[in-house]
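Enquirer: Okay, here's the prediction I keep looking at, along with the sequence it came from:
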Amino acid sequence: MKEPGAILLVACYELGHQPLAVAWPAAFLERAGYRPAVMDISVTPFDEEKARHARVVAISVPMHTALRLGQSVAARVRAVNPAAHVVFYGLYATLNAEYLLAHGAHSVLGGEVEQKLVELVRGLEGNGEHHTASATPTLARLDFPAPHRAGLPSLDRYAKLERDGRLELAGYVEASRGCLHHCRHCPIPPVYGGRFFAVPRDVVMADIRQLIAAGATHITFGDPDFLNGPTHALRLARELHREFPAATFDFTAKVEHLRRHERHLGELARLGGLFVVSAVESLSDAVLQHLAKGHTRDDVAHVLKAVGAAGIAFRPTWVAFTPWTTLDDYVEMLDFVSDEGLIDHVDPVQYSIRLLVPPGSLLLHTAAMRPSLGELVPEGFHYRWQHPDPRMDALHAEVSTLVADAAERREDAAVTFGRIRAIVDRVAGAASRASEMALAGDRRRPPRLTEPWFC
């Protein structure tokens, strides 16, 4: 399979970033002497010619949306090239391996997949027969090359940094993979089981250099949690700033890590840190305990002040609808966002996020989840669940429709927030309250990436 294009790597959706989950397998394959073709259907049309020519088609599905799209890609591949060996890889491939292998996938790879993919290709090359690779996650430390980004769409096709009314090209890297924690709603723990793998600093810097050479002025550290390895993270941020002092960055970190490593926040800001994404999920201590988040409402309030004092914008994410979230909890979330001046820090889609329970979820083993849990929807890759308060399921449907419409029209986040709060006040039987920020057109918005969607 050494001929160009005999292996096709397909990205379906990676939150608006140039797909590292394709660039890294491409690098491993290139190092082994192969010349893979690449495709990102989130920004380019499906290329039938590439699919027709490929002997192996590997589809990256790191999240739920990507898996839904990946299934349609696999169907199109089978239609034009039924002899191709179809591989799904990534977090959601592992969680849904049984279904995928029963519906047209020949192999499923999970965990640290790149070397396994090379070995699979070599095996197929040796005898030409289809062999089903084990769906058991591979958790072995890899010898990373720098990601191979040649052939991917240019950075201007992806999410950009929006800051002070300007748009800047952004690049996406990962300094680590996996996670040390076991948050029950997260797809990472069922696959990685608390394992965490640091990517060597020279590999990450080599990737940053090629992204900045391609025009990026901002870097997203897309690790599940940048502060899983705080020493590694700080050394990388220092080296980035030393080599590219004008470059900025953002990162993701747990509330508990931001509190534990509060002393480093000022330095991260001085090194170019603009904002941090943190999975707050809820302000209800009961909900946080059911999700095993490892923080409390008081921790959120503390971290919000600490991050702000350091000069970093705090961008919380939410799981706004769970079986345990009450209407009062939802009202409190909106009040917190408004009172703390966070309306422009939260993409409105966050107010519609409903707990996703995929096959393999740690939530399936909890007594708290059992009363609300419904049947598995195999083709939807999730379990249904029903809220004990019918108003919450109806509210979710109404808010979801509203935010989808608002995103389509590129509505101001403050206006969308005000409309959501009006709906919630109506459902709660309270007097309607207009957002104070809804009419403030000259407000200073915090830095953000332009991709608003999630999962």
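Expert: Yes, it's here. If you're wondering where the values come from, they're calculated on a predicted model, not measured in any experiment.
Enquirer: Helix, strand, or coil at Thr317?
Expert: Of the three states, Thr317 takes strand under DSSP: H, G, I helix; E, B strand; the rest coil.
Enquirer: residue contacts, it?
Expert: 277-281, 346, 350, 353, 454 (CB atoms under 8 Å, 6 or more residues apart in numbering). Quick note: C-beta positions are derived from backbone N, CA and C, even for glycine.
Enquirer: go on, Pro19?
Expert: By CB under 8 Å, 6+ apart, Pro19 lies in contact with 11, 40, 60, 152.
Enquirer: pretty sure the first one is touching Ser42, no?
Expert: Yes - the criterion here is CB atoms under 8 Å, and Ala11 meets it with Ser42 at 6.7 Å.
Enquirer: Looking at these two now, which is surrounded by more residues?
Expert: Per other CB atoms under 10 Å, whichever of Ala11 and Ser42 has more neighbours is Ala11, with 30 against 20.
Enquirer: what about that one, distance to Val427?
Expert: 39 Å (CB to CB, to the nearest Å).
Enquirer: same check, this time on Ala58
Expert: Taken as CB to CB, the span from Ala58 to Val427 is 45 Å.
Enquirer: With Leu9 instead?
Expert: 46 Å.
Enquirer: do the same with His257
Expert: For His257 relative to Val427 (CB to CB), the value is 35 Å.
Enquirer: Of those two, give the one with the bigger neighbour count.
Expert: His257 (24 against 17).
Enquirer: mind listing the strands in the stretch 1-150 of the chain by residue range?
Expert: Here the stretch 1-150 of the chain has its strands, by DSSP state E, counting those that start in this stretch, at 7-11, 37-40, 56-60, 85-89, 107-109.
Enquirer: wouldn't Ala146 be in contact with Leu211 here?
Expert: No - counting by CB under 8 Å, Ala146 sits too far from Leu211 to count as a contact (10.6 Å).
Enquirer: For Ser450, grab phi and psi.
Expert: In this structure residue 450 is Thr, not Ser. With angles defined as degrees, to the nearest 10, Thr450 sits at phi -80, psi 0.
Enquirer: Can you name the residues that contact it?
Expert: Here Thr450 is in contact with 16, 159-162, 167 (CB under 8 Å, 6+ apart).
Enquirer: Name the nearest of those relative to Gln71.
Expert: For these, the closest approach to Gln71 (CB to CB) belongs to Gly16, at 20.8 Å.
Enquirer: Count the neighbours of that closest one for me.
Expert: Using other CB under 10 Å, Gly16 has 19 other residues around it.
Enquirer: separation between the closest residue to it other than its chain neighbours and Val73?
Expert: Leaving out its chain neighbours, the residue that sits closest to Gly16 by CB to CB, 6 or more residues apart in numbering is Glu451, at 2.9 Å. Distance of Glu451 to Val73, given as CB to CB: 20 Å.
Enquirer: And the pLDDT for His130?
Expert: You'll see His130 listed with a pLDDT of 55.
Enquirer: Touching the helix ranked longest in the chain from outside, list them.
Expert: Secondary structure of the chain read by DSSP state H shows that its longest helix is helix 390-408. Contacts of helix 390-408 from elsewhere in the structure, counted by CB under 8 Å, 6+ apart, are 320-321, 325-327, 330, 348-349, 351-352, 354, 386-387, 415-416, 419-420, 423-424, 427, 452-453.
Enquirer: Domains in the protein, by residue range?
Expert: Per automatic domain parsing, the domain ranges recorded for the chain read 7-127, 159-449.
Enquirer: most neighbours per residue, which of those domains?
Expert: Each of those was scored by mean neighbour count; the highest is domain 7-127, a mean of 21, by mean count of other CB atoms under 10 Å.
Enquirer: pLDDT of it, averaged?
Expert: Regarding domain 7-127, the rounded mean pLDDT is 95.
Enquirer: Any idea which of the contacts of Thr317 the model trusts least?
Expert: Phe454 (62).
Enquirer: all helices for the stretch 351-455 of the chain, in order.
Expert: For the stretch 351-455 of the chain, the helices defined by DSSP state H, counting those that start in this stretch occupy 390-408, 413-428.
Enquirer: Take the last one, keep the C-alpha atoms, and write them as CSV.
Expert: Put plainly, it is helix 413-428. Taking C-alpha atoms only, helix 413-428 is exported to CSV below (Å, rounded to 0.1, in the frame of the first residue of the first chain):
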residue,chain,number,x,y,z
ALA,A,413,-25.0,36.2,22.7
ALA,A,414,-26.6,38.7,25.1
VAL,A,415,-29.8,38.8,23.0
THR,A,416,-30.0,35.0,22.9
PHE,A,417,-29.4,34.9,26.7
GLY,A,418,-32.3,37.3,27.3
ARG,A,419,-34.6,35.2,25.1
ILE,A,420,-33.6,32.0,27.0
ARG,A,421,-34.2,33.7,30.4
ALA,A,422,-37.6,34.9,29.2
ILE,A,423,-38.5,31.3,28.4
VAL,A,424,-37.3,30.0,31.7
ASP,A,425,-39.2,32.7,33.6
ARG,A,426,-42.3,31.7,31.8
VAL,A,427,-41.8,28.0,32.6
ALA,A,428,-41.1,28.9,36.3
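Enquirer: by contact count, what packs against it?
Expert: Under the contact criterion of 3 or more CB pairs under 8 Å, 6 or more residues apart in numbering; DSSP states H and E, helix 413-428 touches helix 327-339, helix 390-408.
Enquirer: Now mean pLDDT too, for these, in a markdown table please.
Expert: Shown next, in a markdown table, are those (pLDDT from 0 to 100):
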| stretch | mean pLDDT |
| --- | --- |
| helix 327-339 | 97 |
| helix 390-408 | 96 |
